[in-house]
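Enquirer: Model the structure of this input:
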Amino acid sequence: MSPSPRLPFRPRFFRGALRSNLALGGLLLALAGCDGRPAQNLPTPDAGPCVTSACLPDSGTAPPEGSAGRVRIAAYNVHRLFDTECASGACGGSNYEELPTQAEFEQQSERLARAISALNADVVLLEEIETQAGLTELQKRAPGFGYAELGETHTAASVDVGVLSKYPITDVRRHRARYIYRPDGSATRFSRELLEVHLEVNGARAIVFAAHFRSKVDDDPGRRIAEATASREIVTDAAKEFPDALVVLGGDLNDVPGSEALDAMEKDGALLRVSSDRPTSETWTYVYSNQRQAIDHLYLAPAGGTYVPGSFRVAREGNGYGGSDHGAVMADFHLGPALNTP
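Expert: Numbers count the residues shown, from 1 in each chain. This next block holds a predicted model:
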């Protein structure tokens, strides 16, 4: 149950780490001609042999009786896809907001779109997109995704969540206005939008949540625990409201299995982290201080959909994927019954 809006709310602000855009700029210049146009076509990123459905295990994958079919859902932190407008008034150089040229913006979008296409996913949950311009560019360059939704927080230079889908969007719900609570009882809100998107997939309902929890820069772990606890409640409530639906949350949760935040997600078996059936050596998505960490996740709520065992994969090239510093996670799911099934 949402707390009373009259409760006092004192948000905590933090200074984001100032990241240089020199490395990205150097890469883009290396790939572009002197007139700003690509010198050559970029190859599709190598996501490994288990991106296509052909590499998924054959045993145990038959759809349950009455299932409306199978769908692949991915989550991908694209890493700071800024547009060409300076929203904060302080851009480029050592400032947080990058200010790419049009050619650089298109080059980054093209590389990311190729990476997204290589996942062969039906739905992709995205993180770190600044504005609608970035989502639109990805949608334009990744064929087949006829539907898209951005979880915009409407703050300058915010990096937001979004959804790309090959299936129609039938409803959108947002949860950032909700008060959530740290373990010490202090009130806060989600760092970014918790974006809930309902889809009609092969006549069945699928509900996906795109999430991006509080980072560990100037860390506020209590806020991340609050996000995880509230997400568990919101996702399980959706599963109760639509018991025949496939309900999946995915994104960059900025914490690893066994952490307080992820333990809060999995409390009393409320949500299934689908990577739990894969070896830990295969589930890492990010490298920090030379340590491989699994911080990007997919969670399934107990409702009408089921996880295809063994189908969780991480797409990566080196330590990231498609120019991002994160790998992309994906898994296959069986849908619940068709909406018109008696």
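
Enquirer: what ranges do the helices span in this structure?
Expert: Applying DSSP state H to the chain gives helices spanning 22-31, 102-118, 132-141, 221-241, 260-265.

Enquirer: In this protein, which residue is most central in space?
Expert: For the chain, the residue nearest the mean C-alpha position is Gly251 (3.2 Å; Cα atoms, centre = their mean).

Enquirer: Show the pLDDT at that one.
Expert: For Gly251, the pLDDT comes out at 98.

Enquirer: tell me what the biggest strand by length in the chain is packed against?
Expert: The residue-count maximum for a strand in the chain (DSSP state E) belongs to strand 70-81. Packing contacts for strand 70-81, counted by 3 or more Cβ pairs under 8 Å, 6 or more residues apart in numbering; DSSP states H and E, involve helix 102-118, strand 123-129, helix 132-141, strand 204-212, strand 246-252, strand 296-300, strand 328-334. Where you see a C-beta, it was placed from the backbone N, CA and C, and this is true even at glycine.

Enquirer: Which of the ones you listed sits closest to Arg80?
Expert: Ranking those by proximity to Arg80 (Cβ to Cβ) places strand 123-129 first, at 5.4 Å.

Enquirer: Okay, now the sheet partners of that closest one, with direction.
Expert: Looking at strand 123-129 with DSSP bridges, its partner strands are strand 70-81 (parallel), strand 160-165 (antiparallel).

Enquirer: Run through the chain and note the low-pLDDT ranges.
Expert: By pLDDT under 70, the low-scoring segments of the chain are 1-61, 340-342.

Enquirer: returning to what we had before: tabulate the strands paired with strand 123-129 (a markdown table), appending distance to Gln132 and mean neighbour count.
Expert: A markdown table is the format used below for the strands paired with strand 123-129 (distance: least, Cβ to Cβ, whole Å; neighbours: other Cβ atoms under 10 Å):
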| stretch | distance to Gln132 | mean neighbour count |
| --- | --- | --- |
| strand 70-81 | 11 | 26 |
| strand 160-165 | 9 | 26 |
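
Enquirer: what about the closest residue in space to the residue nearest to the centre of the chain that isn't next to it in sequence, how many neighbours?
Expert: Closest residue to Gly251 apart from its sequence neighbours, by Cβ to Cβ, 6 or more residues apart in numbering: Ala211 at 3.8 Å. The number of residues packed near Ala211 is 32, by other Cβ atoms under 10 Å.

Enquirer: contacting residues around Ala211?
Expert: Listed by Cβ atoms under 8 Å, 6 or more residues apart in numbering, the contact set of Ala211 reads Leu125, Val161, Arg192, Leu194, Leu195, Glu227, Ser231, Leu249, Gly250, Gly251, Asp252, Leu253.

Enquirer: export these to CSV and tack on distance to Ile295?
Expert: Formatted as CSV, these follow (distance: Cβ to Cβ, whole Å):
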residue, distance to Ile295
Leu125, 14
Val161, 15
Arg192, 15
Leu194, 17
Leu195, 19
Glu227, 13
Ser231, 15
Leu249, 14
Gly250, 12
Gly251, 10
Asp252, 6
Leu253, 6
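
Enquirer: For those, pick the one with the most neighbours.
Expert: Highest neighbour count within the contacts of Ala211: Leu125, with 32 neighbours (other Cβ under 10 Å).

Enquirer: ok, it to Ala206 distance?
Expert: 12 Å (Cβ to Cβ, to the nearest Å).

Enquirer: my read: Ala264 touches Arg224, true?
Expert: No: counting by Cβ atoms under 8 Å, Ala264 stays clear of Arg224, with 9.0 Å between them.

Enquirer: Who has more neighbours out of the two?
Expert: Arg224 (24 against 21).

Enquirer: isn't that one right next to Leu262, touching?
Expert: No: checked against Cβ under 8 Å, the pair Arg224 and Leu262 is beyond contact range at 9.5 Å.

Enquirer: neighbours of the residue lying closest to Ile234 once chain neighbours are set aside, just the number please.
Expert: Excluding the flanking residues, the one nearest Ile234 by Cβ to Cβ, 6+ apart is His175, at 5.7 Å. Residues near His175, counting by other Cβ under 10 Å, number 19.

Enquirer: which residues touch His175?
Expert: Phe190, Glu193, Leu194, Glu196, Ala230, Ile234.

Enquirer: Could you measure from it over to Met265?
Expert: His175 is 15 Å from Met265, by Cβ to Cβ.

Enquirer: any idea how far the residue nearest to Gly251 lies from Ala315?
Expert: Taking Cβ to Cβ, one finds Ala211 at 19 Å from Ala315.

Enquirer: which residue packs closest to His79, ignoring adjacent ones?
Expert: Ser324 (3.9 Å).

Enquirer: for Glu106, what are its contacts?
Expert: Contact partners of Glu106, counting by Cβ under 8 Å, 6+ apart, are Glu137.

Enquirer: Was I right to think Ala113 contacts Leu138?
Expert: Yes: in this structure, Ala113 is within contact of Leu138 by Cβ under 8 Å, at 5.3 Å.

Enquirer: More neighbours: these two, which one.
Expert: Under the criterion of other Cβ under 10 Å, the comparison of Ala113 against Leu138 puts Leu138 first, with 26 against 22.

Enquirer: mind checking how far that one is from Tyr167?
Expert: 17 Å.
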